[in-house]
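**Student:** structure for the following, please:
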Amino acid sequence: MTIKTPIIPTQQTFAKRNAPHKLNLQAICVFAATGFFLDQDTYWTDEVVLPPATTNKLDNQGVLLESKPWFSWYNTPRERPFQEVVDEFSELFKTIVAEQIGEQPVILPLSGGLDSRTQAIVLKELQANVQAYSYQFEQGYNETKIAEQVAKQSGFAFDAYTIPKGYLWDKIDDLVKMNQGYSDFCSPRQLAVLNQLKAYQGVFSLGHWGDVLFDDMGVAEEISLEQQVEVVIKKITKRGGLKLAQTLWQAWGLEGNFYDYFHARIKTLLAQINIPHSANARIRAFKSLYWAPRWTSVNLAVFKDAHPITLPYYDHRMCKFICEIPERYLSARQIQIAYIKQKAPKLAKLTWDLYHPCNLYNYQTYYTYKGLPGRAKHALQYRVKRFLGQTTIQRNWELQFLGKDNDHHLQQALFSKAFKTFVPSKVTQEMYHGFTSKDQVHYAHGVNMLLTLSKWNDLQNSSKV
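**Tutor:** All right, here's what the predicted structure looks like:
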C-alpha cells in the first residue's frame with residue numbers, strides 16, 4: 001500500500017513500525033511541553049504518524065517500510081515588484097478557493113483578524129452563498145463585533161455565539177474520540193457551538209495557517225542555527241511546559257534531562273531543512289512541517305464532525321508560492337494587508353483586533369503617541385472592570401477550570417485511580433497545587449496537559465473493555 005501525504009496534512013495518518021509496544025515516554029514529555037507531538041512521534045514506540053509531503057510504502061499489516069519526500073520546503077525568492085506579488089496572491093487565492101468550494105454553500109468563521117477577512121473578500125467576489133459566524137468568551141472581549149461588521153459589509157448571513165463557562169465537561173468524551181488525545185481540550189472553542197454548526201449547510205472555508213505563511217518569524221536573517229533552535233524552543237513551548245516536561249521526565253526515571261533531549265531533537269530537525277541563508281524561512285518551514293500538522297490540524301476534526309472542510313492556506317500551490325516570495329515582502333503581513341486595502345477598502349477601515357482600535361490604514365501608529373489615547377482607553381476600561389470586581393475572560397481555560405463546579409470535574413479527572421497508574425500522583429499534585437495556590441497562568445498549561453493525558457488514558461482503558 002502506498003500513501004502520499006500533503007505538504008500540510010489536515011489529519012494524522014498512523015502507521016506501525018517494528019518496535020516494542022510500550023509508551024513513548026520521551027515523546028509524551030515533549031507533548032507536555034509544547035501541546036503537540038513532534039515529528040512522527042505518537043504515544044507508542046511502535047506507532048508513527050506519516051510525515052508531511054512524503055510518499056510512504058506500507059505492508060499488509062500497516063508497517064511503514066519506506067518514506068520518501070516528494071516536496072521539501074525551500075527558499076528561492078524571485079525578485080519582482082511588491083504589487084506584482086500582491087496580484088499573484090490575489091489570482092492564486094481566488095483560484096484555490098473557487099476550486100475548493102465549487103458550487104457549495106460556504107460556512108465562514110470570522111474574527112477581527114486578517115485571514116478570515118481575506119476569505120470574506122474572495123468569497124464575495126465569487127458570489128458564494130456564505131453563512132458567517134463568530135464567537136466570544138462569556139465575560140470576555142467582544143470579538144464578534146468586528147466579525148459582524150465584516151459580514152455585514154460583505155453581504156453574508158451572520159450569527160454570533162457566546163462560549164459559556166464549563167461547556168467542556170459535557171463534551172470532553174466526544175472530543176477525545178475526535179482528536180484521540182493528540183491535542184488539549186481547551187483550544188477548540190468551536191466544540192461549544194458544534195450543534196449550531198451542524199445545523200448549517202455547506203463546507204467550511206477555514207483560514208488556518210495564513211498568519212504563519214504570510215509573516216516573518218521576527219528574527220534577523222543571519223542568526224546561527226543554534227540561535228534558531230533557541231527561537232523555535234521559545235515559540236513552541238507553552239508557559240510552564242518545560243517545567244511539566246522535566247517533572248515527568250524525572251518522575252518516570254528517564255536518562256539525562258528533558259531540555260538536553262528536546263534541544264537536540266529540535267536542532268536535528270531544523271538542520272534537516274535545507275534553507276541555510278534565511279532564518280525566517282527555515283523557522284517558518286519548521287512550523288509548517290511540525291506544528292501545523294501535529295497541532296493546528298488535529299482539532300480540525302471538530303469542524304469535520306459537522307461538515308467537510310476546505311483550507312486555502314494549506315493548498316500545495318500556496319506553500320510553493322511562499323517559498324518564492326522575497327522575505328522582506330512577507331514581514332508584518334504586508335501582502336494580506338495590501339490585498340485587503342486594494343480589494344475592499346471599507347473592510348480595511350474596520351478595526352484590526354490585534355491593534356484595537358486601529359485599522360489597516362493607521363495600525364502603524366498603535367505604539368506611537370498617536371496611538372496612546374486608544375491604548376490608554378483600553379487600559380482604563382480594564383482597570384475599571386477590575387475595580388468593580390468584573391473579571392474579563394481572556395483564555396479558554398479560565399472558563400473551564402475556574403469556579404467550584406469546574407474544579408470538581410477537574411479533580412475527578414486528575415485524581416482518578418486509573419490516571420495514577422500512568423502519571424505519578426506527585427506530579428499531578430504539584431501541578432494542581434501550583435494552579436490553585438500559586439500562579440494560575442504559569443500552571444494552567446500543566447493542568448491542561450494532565451487533563452489531556454488523563455482522558456487519553458481513559459480512552460485506552462475503555463478500548464480494552
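**Student:** all helices of the stretch 201-350 of the chain, in order?
**Tutor:** 210-213, 225-236, 241-251, 258-271, 279-286, 300-306, 316-323, 327-330, 334-343, 345-348 (DSSP state H, counting those that start in this stretch).
**Student:** can you say which of these is packed in most?
**Tutor:** helix 279-286 (a mean of 24; mean count of other C-beta atoms under 10 Å). C-beta here means a position set from N, CA and C on the backbone, and glycine is covered the same way.
**Student:** just confirm Gln127 is within a helix.
**Tutor:** No: looking at Gln127 with DSSP: H, G, I helix; E, B strand; the rest coil, it is coil, so not inside a helix.
**Student:** that one: neighbour count?
**Tutor:** 8 (other C-beta atoms under 10 Å).
**Student:** so how far is Lys343 from it?
**Tutor:** 14 Å (C-beta to C-beta, to the nearest Å).
**Student:** ok, the residue nearest to Arg333 when sequence neighbours are not counted - contacts?
**Tutor:** Nearest in space to Arg333, with sequence neighbours left out and distances taken as C-beta to C-beta, 6 or more residues apart in numbering, is Asp215 at 5.4 Å. Asp215 makes contact with Leu330, Ser331, Ala332, Arg333, according to C-beta atoms under 8 Å, 6 or more residues apart in numbering.
**Student:** how about 10 Å then?
**Tutor:** Neighbouring residues of Asp215 by C-beta atoms under 10 Å, 6 or more residues apart in numbering: Leu114, Asn280, Arg284, Leu330, Ser331, Ala332, Arg333, Gln334, Ile335, Gln336.
**Student:** the third one contacts Leu270, doesn't it?
**Tutor:** What it means is Arg284. No: here Arg284 lies out of contact with Leu270, judged by C-beta atoms under 10 Å, at a distance of 11.7 Å.
**Student:** and the gap between the spatially most central residue of the chain and Ser288?
**Tutor:** With distances taken as C-alpha atoms, centre = their mean, Thr296 lies nearest the centre of the chain, 3.7 Å away. Using C-beta to C-beta, Thr296 is found at 10 Å from Ser288.
**Student:** find residues that contact each of the two.
**Tutor:** In contact with both Thr296 and Ser288: Ile8, Trp209, Val212, Tyr314, using C-beta under 10 Å, 6+ apart.
**Student:** state the pair within these that is farthest apart.
**Tutor:** Greatest spacing in those, by C-beta to C-beta: Val212 and Tyr314 (11.0 Å).
**Student:** joint contacts of those two?
**Tutor:** With C-beta under 10 Å, 6+ apart, Val212 and Tyr314 have common neighbours Ser288, Ala292, Thr296.
**Student:** the first one: neighbour count?
**Tutor:** In this case it means Ser288. 23.
**Student:** quick one: low-confidence ranges for the stretch 201-350 of the chain?
**Tutor:** Within the stretch 201-350 of the chain, no stretch has pLDDT under 70.
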